[in-house]
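Enquirer: The following comprises the amino acid sequence and a computationally predicted model.
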Amino acid sequence: MPLRRAMRSRLLDPTLRPISIAVSTLLIRRKPDGNAEFFLNLRDAEATVTYAGAYMVVPTGVFQPGSKSPAALREDFDLWRTIMREFSEEVLGNPEADGTLGMTVDYANESPYVELDQARLAGEIRPYYLGFGLDAVELWAHVLTAVVVDDAAFGRIAPTLVEKNAEGIMIGHVRTKAGIRGIPLSKDQVDFYLSAGMMSSPSAACLALAWQHRSLLLS
């Protein structure tokens, strides 16, 4: 707090300090009957620094190019590609494209990027931009998004979800004979998570905005 007081308005002026951009995405599985489910990640307090111990929408991550190649900075600075890289890591449990390698990500031939792109072009996956915000505590800037995946495409691309990834535990991950189930996107569940004080502010904003615009997202 003394450091923040010393800096005063500099913290909120984007022209006076570098600001890292994170992309927070609410993953929604749309069922054939029009109902939907979502997933959260409980952040491991020992493995993470930001939002440790909080519930977050998944996939979420700060932008970083997939490799140290200068070309990657240009090619990976893309909202959809950033969401796909985080999906691969946090939802499917694949190694993180964290920029430590010299090879760029092959989006045209590498799984799951090929499948995700094909489903998006076919209309089975629909990304939505919800808004932009600056977290008052962590001071990260967040692009708030939602990705709606039709049930059939979800079953093809993510037949199994990791129960635990490098950053925490998946919440709403229930296996049944009918497939993996998430948290029902219903008023009582949304109210529960928003009112319990368990979520990071960007994640709460994503969930609240998605619920507010659910008729559009699920149409």
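Expert: Sure, I can see it.

Enquirer: in the helix or strand harbouring Arg29, what counts as buried?
Expert: Using DSSP states H and E, the element containing Arg29 is strand 21-30. Of all the residues in strand 21-30, those buried under the rule 16 or more other Cβ atoms under 10 Å are Ala22, Val23, Ser24, Thr25, Leu26, Leu27, Ile28, Arg29, Arg30. The way it works is simple: take the backbone N, C-alpha and C, and place the C-beta from them, glycine included.

Enquirer: Could you single out the nearest of those residues to Gly131?
Expert: Taking Cβ to Cβ as the measure, Gly131 lies nearest Ser24 of these, at 10.1 Å.

Enquirer: which stretches of this protein form helices?
Expert: Using DSSP state H, the helices of the chain run over residues 2-7, 70-76, 79-90, 113-121, 151-157, 187-195, 201-212, 214-217.

Enquirer: closest one to Thr60 among the ones you listed?
Expert: With respect to Thr60, and counting by Cβ to Cβ, the nearest of the helices of the chain is helix 79-90 at 6.4 Å.

Enquirer: I'd like the average pLDDT over that closest one.
Expert: For helix 79-90, the mean pLDDT works out to 94.

Enquirer: Nearest spatial neighbour of Glu46, chain-adjacent residues omitted?
Expert: Ala52 (8.0 Å; Cβ to Cβ, 6 or more residues apart in numbering).

Enquirer: Compute the number of surrounding residues for the one you found.
Expert: Look at Ala52: counted by other Cβ atoms under 10 Å, it has 14 neighbours.

Enquirer: And for Ser201, the neighbour number?
Expert: Neighbour tally, Ser201, other Cβ under 10 Å: 18.

Enquirer: That one: what's it in contact with?
Expert: The contact partners of Ser201, taken as Cβ atoms under 8 Å, 6 or more residues apart in numbering, are Gly133, Asp135, Ala136, Val137.

Enquirer: out of those residues, which are buried?
Expert: Of all the contacts of Ser201 considered here, the ones buried according to neighbour count by 16+ other Cβ under 10 Å are Gly133, Asp135.

Enquirer: buried stuff in stretch 73-92?
Expert: Residues of stretch 73-92 classed as buried by neighbour count (16+ other Cβ under 10 Å): 73, 75-76, 80-92.

Enquirer: Extract the CA atoms of it and return them as PDB.
Expert: Only the C-alpha atoms of stretch 73-92 are listed here, as PDB (Å, rounded to 0.1, in the frame of the first residue of the first chain):
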ATOM      1  CA  LEU A  73       5.200 -12.400 -31.300                       C
ATOM      2  CA  ARG A  74       3.400 -11.200 -34.500                       C
ATOM      3  CA  GLU A  75       1.600 -14.400 -35.300                       C
ATOM      4  CA  ASP A  76       0.500 -15.200 -31.700                       C
ATOM      5  CA  PHE A  77      -0.700 -11.700 -30.800                       C
ATOM      6  CA  ASP A  78      -4.200 -12.800 -31.600                       C
ATOM      7  CA  LEU A  79      -7.200 -13.100 -29.300                       C
ATOM      8  CA  TRP A  80      -8.500 -16.400 -30.700                       C
ATOM      9  CA  ARG A  81      -5.100 -18.000 -30.800                       C
ATOM     10  CA  THR A  82      -4.400 -16.900 -27.200                       C
ATOM     11  CA  ILE A  83      -7.600 -18.600 -26.100                       C
ATOM     12  CA  MET A  84      -6.700 -21.700 -28.000                       C
ATOM     13  CA  ARG A  85      -3.300 -22.000 -26.400                       C
ATOM     14  CA  GLU A  86      -4.800 -21.600 -22.900                       C
ATOM     15  CA  PHE A  87      -7.500 -24.100 -23.800                       C
ATOM     16  CA  SER A  88      -4.900 -26.600 -24.800                       C
ATOM     17  CA  GLU A  89      -3.000 -26.200 -21.600                       C
ATOM     18  CA  GLU A  90      -5.700 -25.700 -18.900                       C
ATOM     19  CA  VAL A  91      -8.500 -27.800 -20.300                       C
ATOM     20  CA  LEU A  92      -6.700 -30.600 -22.100                       C
END
